[in-house]
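S.K.: Predicted model and sequence below, questions to follow.
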Amino acid sequence: MQHSHGITRRSALKGAGAAVFGLAASGIVSRAHGAAFPSKSIEVVIGFDPGGGTDRSARLVGPAWAKALGSPYPFKFTNMPGAGAVIALVHTLKARPDGHVINAVPAPHVAWIFELKRAKGYTPEDIAFIGAYFDDPNVLLVKKDAKWNTIDEFIDDARKTKTPFTVSVSTPMSAAHAATVVLRELTGANLKVVSFQGGSAARNAVAGGHVTACLAPYWSALHVLELTKGIGILQDSNPAPHLWTPVPANKVLDVKIPNLSEPYLFLVSAAVKKEHPENYRKLVDSMKVMHRSEEFRKAADAQDLTPFLKYMSPEECDAFMKDYLALLETYRPAMEKDLQSM
């Protein structure tokens with residue numbers, strides 16, 4: 001049957017189908033068709049308390065990332081602290097594998113979870129990295145009025161002392177603990193690890209003079225900026241000389257120290273990548289766009305995070321994880337020995 005304006009029923013249906021296809025391709029299609037992603041708020045699960053470094057930095061990405069995704073839904077942030085970020089990771093891995101639940105976490109925490117087999121039944125093959133958005137290098141902090149100004153001065157005295165220098169770390173078998181043990185084992189310094197309940201407590205301990213020093217992630221330690229000084233950084237350059245002036249360890253020490261930092265990243269379950277590769281790819285691509293956006297840069301600048309911004313692709317995150325797991329395998333026995341005196 002011929003309709004008005006010469007349009008047949010078949011051609012009308014064909015045109016409608018093309019319109020729906022075009023909307024689906026652009027990500028703008030009703031949820032009834034089941035093709036849009038995201039079809040609701042992306043939930044960002046954070047395995048730490050509100051107000052900490054992971055929480056504060058992760059929340060910066062929400063508005064810019066939603067815009068990069070072309071999503072009308074704001075990101076939702078859920079804190080699930082406990083068990084060294086295991087609870088949040090397992091929640092992410094058990095979520096429906098469509099990409100609507102992602103995990104924000106420092107990379108070393110992920111390595112430790114799998115190294116210590118804390119996530120029962122899961123292996124590194126069960127996760128897929130979306131990417132990292134900033135890198136927090138480890139810095140050696142001492143009290144503001146301490147006599148040491150550079151890490152080599154500190155290590156020279158630590159080699160000679162009969163009474164161990166105490167170094168605070170966030171928790172046992174953590175990234176800070178690993179960095180302290182690497183420094184101790186490679187330099188022969190007489191250092192005793194003192195564990196606290198969380199990074200803030202560990203950094204407050206050195207600021208208050210309760211321990212000799214603290215190895216901590218640079219940006220996350222800025223709350224003690226006025227009470228401490230950074231005397232050494234465990235990477236090749238200082239990203240923020242206007243804050244602290246720590247000298248790169250390998251410029252002054254007589255041993256080679258590996259670069260030790262904490263990339264902060266997002267991940268999903270590997271099932272998302274396998275079962276919904278188009279959703280996974282959209283997360284990866286949009287995160288990269290978000291990272292370059294002026295909106296995200298302004299938000300980062302307000303938190304003094306800009307000098308530490310560093311995008312890492314999923315492949316670069318995989319490479320970091322491989323190298324870090326190898327480091328843990330080397331130094332884990334020395335770290336476990338520390339547990340006996342904690």
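M.R.: Nice, thanks for sending it over. Numbering: from 1, shown residues only.

S.K.: how close does Glu336 get to Phe114?
M.R.: Separation of Glu336 from Phe114 (Cβ to Cβ, to the nearest Å): 16 Å. Bear in mind the C-beta positions are built from the backbone N, C-alpha and C, glycine included.

S.K.: Comparing these two, which shows the higher neighbour count?
M.R.: For Glu336 versus Phe114, the count of surrounding residues by other Cβ atoms under 10 Å is larger for Phe114: 19 against 12.

S.K.: and the residue nearest to the more buried one when sequence neighbours are not counted, what does it touch?
M.R.: Nearest in space to Phe114, with sequence neighbours left out and distances taken as Cβ to Cβ, 6 or more residues apart in numbering, is Pro124 at 5.1 Å. The contact partners of Pro124, by Cβ atoms under 8 Å, 6 or more residues apart in numbering, come to 114, 321, 325.

S.K.: Just the ones in helices from the residues you listed, please.
M.R.: 114, 321, 325 (DSSP state H).

S.K.: how about CSV for these, with distance to Leu141 and pLDDT added?
M.R.: Listed next are those as CSV, based on distance: Cβ to Cβ, whole Å; pLDDT from 0 to 100:
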residue, distance to Leu141, pLDDT
Phe114, 29, 92
Met321, 26, 95
Leu325, 27, 94
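
S.K.: Any buried residues in stretch 175-189, and which?
M.R.: Going by neighbour count (16 or more other Cβ atoms under 10 Å), the buried part of stretch 175-189 is 175-184, 186-187, 189.

S.K.: so for that stretch, what's the average pLDDT?
M.R.: Across stretch 175-189, pLDDT averages out at 96.

S.K.: Check stretch 236-247 too.
M.R.: 96.

S.K.: Quick check: end-to-end length of it?
M.R.: Start-to-end span of stretch 236-247 (Cα to Cα, to the nearest Å) is 9 Å.

S.K.: That stretch: how far from the chain's middle?
M.R.: 20 Å (Cα atoms, centre = their mean, to the nearest Å).

S.K.: which outside residues touch that stretch?
M.R.: 137, 139-140, 150-152, 218-219, 222, 225, 229-233, 248, 250, 259, 304, 307-308.

S.K.: rerun that using 6 Å as the cut-off
M.R.: 139, 150, 230-233, 248, 307-308 (Cβ atoms under 6 Å, 6 or more residues apart in numbering).

S.K.: any idea which helix or strand carries Val167?
M.R.: Element membership for Val167 (DSSP states H and E) is strand 165-169.

S.K.: Measure how the following helix or strand past that strand sits relative to strand 165-169, angle-wise.
M.R.: Downstream of strand 165-169, the next assigned helix or strand under DSSP H and E is helix 175-187. Calculated by axes from the mean of the first three to the mean of the last three Cα atoms, to 10 degrees, helix 175-187 forms an angle of 150 degrees with strand 165-169.

S.K.: Helix 175-187: what's the following helix or strand?
M.R.: strand 191-195.

S.K.: what packs against that next one?
M.R.: strand 165-169 (3 or more Cβ pairs under 6 Å, 6 or more residues apart in numbering; DSSP states H and E).

S.K.: Sheet partners, orientation included, of the strand it packs on?
M.R.: strand 191-195 (parallel), strand 213-217 (parallel) (DSSP bridges).

S.K.: Need the residues that contact it.
M.R.: By Cβ under 6 Å, 6+ apart, the list of residues contacting strand 165-169 reads 158, 176-177, 180, 191-196, 202, 205-206, 211-214.

S.K.: Show the average pLDDT along it.
M.R.: Throughout strand 165-169, pLDDT has a mean value of 97.

S.K.: CA atoms of it as PDB?
M.R.: Provided in PDB are the C-alpha atoms of strand 165-169 (Å, rounded to 0.1, in the frame of the first residue of the first chain):
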ATOM      1  CA  PHE A 165      66.600   4.200  63.200                       C
ATOM      2  CA  THR A 166      62.800   3.700  63.300                       C
ATOM      3  CA  VAL A 167      60.800   4.100  60.100                       C
ATOM      4  CA  SER A 168      57.100   4.300  60.200                       C
ATOM      5  CA  VAL A 169      54.900   2.600  57.500                       C
END
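
S.K.: The residue nearest to Arg297 when sequence neighbours are not counted: neighbour count?
M.R.: Once flanking residues are discounted, Arg297 sits nearest to Thr306: 6.7 Å by Cβ to Cβ, 6+ apart. Here the number of neighbours of Thr306 (other Cβ under 10 Å) works out to 15.

S.K.: what packs against the helix or strand Pro333 falls within?
M.R.: Assigned by DSSP H and E, Pro333 belongs to helix 314-339. Using 3+ Cβ pairs under 6 Å, 6+ apart as the contact test, the elements touching helix 314-339 are helix 107-115, strand 127-143, helix 175-187.

S.K.: Show me how far stretch 132-145 is from its chain's centre.
M.R.: Using Cα atoms, centre = their mean, the offset of stretch 132-145 from its chain centre is 14 Å.

S.K.: next one: stretch 257-264
M.R.: The answer for stretch 257-264 is 11 Å, by Cα atoms, centre = their mean.

S.K.: Could you tell me the end-to-end distance of that stretch?
M.R.: With Cα to Cα, one end of stretch 257-264 sits 21 Å from the other.

S.K.: got the buried residues for that stretch?
M.R.: For stretch 257-264, by 16+ other Cβ under 10 Å, it's 257-258, 260-264.

S.K.: That'll do, ta.
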